[in-house]
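**Q** Build me a model from this:
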Amino acid sequence: MTKKVAFHTLGCKANQYDTEIMKDAVRSEAGYGVEPFSGNPEIIVINTCSVTTGADRKSRKYIRRAARTGELVLVTGCYTVLDSEEIAEISGVDVIFPNSYKYEIIDIIGRAESGFRGKVEGSEGGTWDLNRRTISRDSNHTRAFLKIQDGCSNTCSFCKVRFLRGPTRSKTPNRVVEEARNLGEKGFREIVLTGINLAEYGTGDELLPELIRELSRLDEVSRIRLSSINPDGITRDLLRAFRDSDKSCPYFHVPLQSGSNRILNAMNRGYTREYYLDRVELIRSYLPNSTIGTDLMVGFPGEKEADFAKTEEMVKEVGFINVHVFRYSPRTATPAADFEEKVDSSEKKRRAEELRSIASSTSLVRRRRFYGENLDMIVEEPSNKIDGWRGYSRNYLDIHLHSDNLESKLTPGETTEVELSEVKEDFCLANQRPSGVGIEKVTEGTKTGKEIDRE
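**A** Purely as a prediction, here's the structure:
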């Protein structure tokens, strides 16, 4: 009898990729199968996040939910690295294993079924080799997230990720190309390169720009996108690689965190607002139709109203189309947790709401520049806004098509050309262009990620 294993993932795209690695391992093992978390699994694996206190809280929520339904509950991910004692106190948790053991998921399940309980200790897992395993599918998307880098050598004063993910390491270009080709053959038309710090990808000549060039030569893939990259990763060579490729997506998510040099220095981010603005100017000089997203933090210890005003100025000046706003929360083992001049929680909430409002307005202005333009989009899923389909353009505009305006029937994974007809506060409407009918359908004989997951 096949035992059903369910997974629930919290946090970043690198974590989502790790879950796909574990799912592939389970699928390949006789006697096991992958079941939705909402189904009726015997074994549940929660892949946690710990980037904020909110992430910790959400991780605990799903661990408790799993404990109410699963016969065996296994917990992994970043929350397990420094806070395993908190997890162990949750009734119903059977096994806790750190990030470095994710590639050993079958062994972990076997140990749990043999009666082992508690936290997995020892050195067998180590710092896992990214070249050791690849994914054959991405069961949650029509785009495939491909992790090419893990770990971080930066020492930002507010961040504990370097403790949770270990030192920076990269997947070799040959391995990345092989994995991307296999995913393309499975029907994934867009490959999203992800990692903890993509700016640190590669060594010597094996750097990110050359990887982009190599991936652009693949016939099996239509789009290549970066998930997020720090400002120091925005180089002329990278932008030339994007400019010269007809497959690269001109959207860059570049974390800013603060527009105040004083706060950036206290955060130990390693750049100034002037340097960040220079990177933005560089992007737009090479790729005029590019768009930019960012992460911002409010309420960092010592942040005055004048510092916050500097961040507001940056949002207006850059014109981000996507902004993720976080309220600072102290993290275990980070220097900032001991900083004085804490910002009151009510003030952090006010600043976050105000910043989101400004970001929404500037995003609307920036996206309206594309009104009436012809864009191509990959159909992802039924729209949650209208009766129709949803997908993303190359520059990451969230586009929705009305079913009654379609020139042809669409399916997930298909690329079609559209004309932007209306820009709303949080999404865009478009009409399918007749010339775009069947621009590019999923390769004959392949299936989209959604179809694979339904098998």
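
**Q** which stretches of the stretch 251-400 of the chain form helices?
**A** 261-267, 273-286, 305-318, 345-368 (DSSP state H, counting those that start in this stretch).

**Q** Of those, which stretch is the most buried?
**A** helix 261-267 (a mean of 19; mean count of other C-beta atoms under 10 Å). For every residue, glycine as well, the C-beta is placed using N, CA and C.

**Q** Tabulate the helices of the stretch 251-400 of the chain (TSV), appending mean pLDDT and distance to Ser84.
**A** Below are these laid out as TSV (pLDDT from 0 to 100; distance: least, C-beta to C-beta, whole Å):
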stretch	mean pLDDT	distance to Ser84
helix 261-267	98	27
helix 273-286	98	37
helix 305-318	98	35
helix 345-368	97	27
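
**Q** out of those helices, nearest to Thr76?
**A** With distances scored as C-beta to C-beta, the stretch of these nearest to Thr76 is helix 261-267 (28.6 Å).

**Q** Same list as before, the helices of the stretch 251-400 of the chain that is, but in a markdown table and with distance to Thr142 included.
**A** Converted to a markdown table, the helices of the stretch 251-400 of the chain look like this (distance: least, C-beta to C-beta, whole Å):
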| stretch | distance to Thr142 |
| --- | --- |
| helix 261-267 | 36 |
| helix 273-286 | 26 |
| helix 305-318 | 29 |
| helix 345-368 | 22 |
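
**Q** Nearest to Leu82 among those would be which one?
**A** Nearest to Leu82, of those and by C-beta to C-beta, is helix 261-267 at 20.1 Å.

**Q** Which segments of this protein make up each domain?
**A** 3-119, 143-368, 374-440 (automatic domain parsing).

**Q** Is there a neighbour count for the closest residue to Ser59 other than its chain neighbours? I'd like the number.
**A** Excluding the flanking residues, the one nearest Ser59 by C-beta to C-beta, 6 or more residues apart in numbering is Thr48, at 3.9 Å. By other C-beta atoms under 10 Å, 28 other residues sit near Thr48.

**Q** what does Pro382 give?
**A** Other residues within reach of Pro382, judged by other C-beta under 10 Å, total 14.

**Q** for it, what are its contacts?
**A** Residues near Pro382 by C-beta atoms under 8 Å, 6 or more residues apart in numbering: 388-390.

**Q** Tell me what it is bridged to.
**A** Here Pro382 sits in beta bridges with Trp389, going by DSSP bridges.

**Q** And it, how close does it get to His400?
**A** Separation of Pro382 from His400 (C-beta to C-beta, to the nearest Å): 10 Å.

**Q** what does Glu185 give?
**A** From Glu185 across to His400, the span is 29 Å (C-beta to C-beta).

**Q** follow-up on the earlier one: mutual contacts of Pro382 and His400, please.
**A** Common neighbours of Pro382 and His400 (criterion: C-beta under 8 Å, 6+ apart): 388-390.

**Q** Just among those, which is most surrounded?
**A** Within these, neighbour counts (other C-beta under 10 Å) peak at Trp389, which reaches 23 neighbours.

**Q** Can you read off the pLDDT for that one?
**A** Trp389 carries a pLDDT score of 92 in this model.

**Q** surely Gly202 meets Ser170?
**A** Yes: if you go by C-beta atoms under 8 Å, Gly202 and Ser170 touch, sitting 5.3 Å apart.

**Q** coming back round to it: wait, which of the contacts of Pro382 is closest to Glu86?
**A** Checking these against Glu86 with C-beta to C-beta, the nearest one is Arg390 at 37.6 Å.

**Q** Burial check on the residue lying closest to that closest one once chain neighbours are set aside, number of neighbours?
**A** The shortest distance from Arg390 to any non-neighbouring residue, by C-beta to C-beta, 6+ apart, is to Ser383 (4.3 Å). By other C-beta under 10 Å, the residues close to Ser383 number 19.

**Q** on that earlier part again, and Leu207, which of the helices of the stretch 251-400 of the chain is closest to it?
**A** Closest approach to Leu207 among the helices of the stretch 251-400 of the chain (C-beta to C-beta): helix 273-286, 16.9 Å.

**Q** related to what we said a few turns ago, quick one: closest of the domains of the chain to Ile135.
**A** Relative to Ile135, the nearest member of these by C-beta to C-beta is domain 3-119, separated by 4.3 Å.

**Q** what about the closest one, average pLDDT?
**A** Here the average pLDDT along domain 3-119 is 93.

**Q** and what of stretch 399-408?
**A** The average pLDDT for stretch 399-408 rounds to 82.

**Q** Name the residues that touch it?
**A** Taking C-beta under 8 Å, 6+ apart as the rule, stretch 399-408 contacts 375, 377, 383, 385-393, 410, 416, 418, 420, 427-434, 436-438.

**Q** Could I get the buried residue list for it?
**A** For stretch 399-408, the neighbour count (16 or more other C-beta atoms under 10 Å) marks 399-402, 407 as buried.

**Q** How about the secondary structure of the nearest residue to Asn374 once chain neighbours are set aside?
**A** Once flanking residues are discounted, Asn374 sits nearest to Glu419: 5.5 Å by C-beta to C-beta, 6+ apart. Of the three states, Glu419 takes strand under DSSP: H, G, I helix; E, B strand; the rest coil.

**Q** for the one 3 residues further on, same thing?
**A** Taken by three-state DSSP, the conformation at Glu422 corresponds to strand.

**Q** you'd agree it is up against Cys428?
**A** Yes: using C-beta under 8 Å, Glu422 makes contact with Cys428 at a distance of 6.9 Å.

**Q** of these two, who's got more company?
**A** Taking neighbours as other C-beta under 10 Å, Glu422 and Cys428 compare with Cys428 leading, 22 against 12.

**Q** gap between the more buried one and Ser383?
**A** Going from Cys428 to Ser383 by C-beta to C-beta gives 11 Å.

**Q** Good, wrapping up.
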